[in-house]
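Enquirer: Structure of the sequence below:
(chains A and B)
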Amino acid sequence: MDTRIILFILNGLTQAAILFVLGSGLTLAFGLMRVVNLSHGAFYLLGGYIGYSILQATGSWPLALIGGGIAIALLGFIFERFMLSRVRGGDLPQTLLTVGLSMVIADLALEFWPRNSITLNVPRELNPPVMLFGVTYPGFRYLLMILAVLIAVALWLILYRTKLGAAVRAGVDDRETVSALGVNINLIYTAVFVLSAFLVGIAGVLGGSYLQLSPGGDTTILTYSLVVVILGGMGSLAGAFVSALILGQIISFGTAFAPQYSYFLLFIPMALMLAVRPQGLLGRQQL
Amino acid sequence: MNAPTQSTSTFKNVTRFAWILLAAALLLMPFYAAQYTVTTFIRIFYFGFLALSMGFLIGQTGMVSLTQTAFFGVTGYVIGLLGVERGVPFPLPEILGIIIALLFALVFGLIAMRTYKIVFLMITLAFGQICWAFAIQNSSLLHGWAGIRGIRPPVVFGIDFSEQSTFYWTALILFALGIYILWRIVKSPFGLTLNGIRENPRRMIALGYPVYRIRVAAFLIAAVYAGIGGILAAYNSGIVTPTAIQLSRTIWILLVVILGGSNHFWGPIVGIVVAVWLDVSISQVTERYNTIIGIIFVLVVLFSPNGILGILDELRKGEKLAFIRKRLPLRHNS
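Expert: Presented below is the predicted three-dimensional model:
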């Protein structure tokens, strides 16, 4: 195969890794809580920015990754406990709250971080050139793919091998019955939302290291995440995985062959899916 | 639903007097107010059309559509492409702009109306982003980020609409007319059908209403309103760029509608007046307009989901401000 094509596929897989980490958190929170977290993009941006500051201060990239994730998880916890829980059950008020939050975060970020694009510099030892499939490719990008797969496995284990996961899955199907059975559903909600925030915070650091962070980038990221989730089927982790793989390739090949329409192309599978199968690739929930 | 609670004759007289006073103040504004104030009001009018568009969908039909700004942009781009770049005379670009906005709305509407509530919101958000993505990346036709410059209001029958007070009066009259027509639509049997769909779409289907088509029709009406706002905005700023249709603009308009009171007919209008006024006055003090309006918005959603007009309603009813959580009117259980 043409080495160029191999490079495009690898770029697509790197994109897919970020898209999956982005989409998985959103889809989990949506499946259980019916909350579309429209501050997902702002969380990503903030996670990346915090990671950037940690990297500047300590010079440790792994610390930046964990720090970005934990900071956003904390923010998610506060937001869920003190705001979202007040309008529990109201789909729209919940969504509107996340809209307001995203606006505040994106605006305040302008106050604390540079207004031009920034990139987190990955240390050389995490980014060795790797020779595979006949091409030399940055090792950090392979690391991204490995991390995404690890996250997917971890999420799968949490969902299908732990008590928490069982309660979450049961909550997706029938939250009334679950809470009647003595499960503290509010606790489950908070846990899932915090997990979702942690994932998107990590995604911010990963994305900020692979691409860049810039003001206004939050809306683009939010759109990416929504497209992943809508295409894959809302609430479906496996769906997010598959759709991230598809969309990653579309972004990569679109950028290479139709740069004027690369972003636009991303929406085509989603629009087709909505017309043919509105619940998405692997979604079960009837809309 | 928003009928005045007191309908004594004195109250009516006072209201009528207030309306006349307001109308006179608005009509005479170019004579007594600073140029700056007039500019601010022009902004209120064209964003007002956008707010009416979104408010109509939220308040009357319970649909939170985040595509509305795209229709606002479509007409602007059509005017730029035809009027500026190809010299097509007034009013063809305007009419064509509205028609193209309607076509967009039809295509989007036919897909999105298969869904309800949050899923509808997500899909319309994606549609809005499709348009934005096309606008930023397409350089051959839409010139990407740079957009189209040099849009000037036309001279018709010797009247130069680029003259500020003429433009102000045109925008004012169009806005008043737009409000009146929307009021008639809302109070018509069609409007009541929309309310029925908002409350319980399934029941309306069972009653034999073509719910899907009615929702598409409401979407088309809203697109026209957004489109008219887009025409005025393009003429006023002289430029149309992807910024006009970016998501943060859409979200801003959503905040405006909820802030004013989405279940009130006048909510979007009150919201846009407050938001633009706030923008103008805050921008002299701080750059953090979005933070402030975002926080206000969160407080409104948490404590007074019916917005400013909801608070006024409660005050008028002589009740204490009920700072308790109430269900948002737009939440319907189906």
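Enquirer: Going by C-alpha atoms from here, please, whenever you check contacts or count neighbours.
Expert: Noted.
Enquirer: any low-confidence regions in chain A?
Expert: A:1, A:284-287 (pLDDT under 70).
Enquirer: Quick check: the gap between the residue of it found nearest chain B and residue A:35.
Expert: Nearest residue of chain A to chain B: residue A:104, at 4.4 Å (Cα to the nearest Cα). Note on residue A:104: its distance to residue A:35, by Cα to Cα, to the nearest Å, is 19 Å.
Enquirer: go on, residue B:234?
Expert: Using Cα to Cα, residue B:234 is found at 36 Å from residue A:35.
Enquirer: which one of those two has more residues nearby?
Expert: Neighbours were counted for residue B:234 and for residue A:35 using other Cα atoms under 10 Å in any protein chain shown; residue B:234 has more, 28 against 25.
Enquirer: I figured the more buried one hits residue B:240, correct?
Expert: Yes. Counting by Cα atoms under 8 Å, residue B:234 touches residue B:240, with 5.9 Å between them.
Enquirer: list residues touching both of those two?
Expert: residue B:76 (Cα atoms under 8 Å, 6 or more residues apart in numbering or on different chains).
Enquirer: Around chain B, pick out the residues from the stretch 151-287 of chain A.
Expert: Applying Cα under 8 Å from any Cα of the partner chain, we find that the stretch 151-287 of chain A lies next to chain B at A:219, A:223, A:226-227, A:259-264, A:267, A:274-275, A:287.
Enquirer: What about those, which one has the most neighbours?
Expert: Neighbour counts for those (other Cα under 10 Å) peak at residue A:226, which has 28 neighbours.
Enquirer: Which helix or strand lies directly C-terminal to the helix or strand hosting it?
Expert: Element membership for residue A:226, per DSSP states H and E: helix A:217-232. Using DSSP H and E, the helix or strand that follows helix A:217-232 in sequence is helix A:237-257.
Enquirer: ok and that next one relative to helix A:217-232, angle-wise?
Expert: Angle, helix A:237-257 to helix A:217-232, by axes from the mean of the first three to the mean of the last three Cα atoms, to 10 degrees: 120 degrees.
Enquirer: what about the strands in chain B?
Expert: Here chain B has its strands, by DSSP state E, at B:148-149, B:155-156, B:159-160, B:239-240.
Enquirer: of the ones you listed, which approaches chain A most closely?
Expert: Here strand B:148-149 is closest among those (Cα to the nearest Cα), at 17.2 Å.
Enquirer: what about the longest helix that chain A contains and chain B, touching?
Expert: Secondary structure of chain A per DSSP state H: the longest helix is helix A:3-33. No. Residues of helix A:3-33 are not located near chain B by Cα under 8 Å from any Cα, the shortest gap being 9.9 Å.
Enquirer: what's the angle from that helix to helix A:217-232?
Expert: Computed by the same axes, to 10 degrees, the angle between helix A:3-33 and helix A:217-232 is 80 degrees.
Enquirer: Go through the following helix or strand past helix A:3-33 and flag the buried ones.
Expert: Using DSSP H and E, the helix or strand that directly follows helix A:3-33 along the chain is helix A:40-58. Within helix A:40-58, the residues that count as buried by 16 or more other Cα atoms under 10 Å in any protein chain shown are A:40-55.
Enquirer: can you check stretch B:198-209 too?
Expert: For stretch B:198-209, by 16+ other Cα under 10 Å, it's B:198, B:199, B:201, B:204, B:209.
Enquirer: Redo those as CSV? Include pLDDT and distance to residue B:229.
Expert: What follows is the buried residues of stretch B:198-209, written out as CSV (pLDDT from 0 to 100; distance: Cα to Cα, whole Å):
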residue, pLDDT, distance to residue B:229
B:198, 88, 25
B:199, 87, 29
B:201, 86, 30
B:204, 89, 32
B:209, 88, 31
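Enquirer: nearest to residue B:251, of those?
Expert: Nearest to residue B:251 among the buried residues of stretch B:198-209: residue B:198, at 21.5 Å, using Cα to Cα.
Enquirer: Wait, the closest one touches residue B:62, no?
Expert: Yes. Counting by Cα under 8 Å, residue B:198 touches residue B:62, with 4.9 Å between them.
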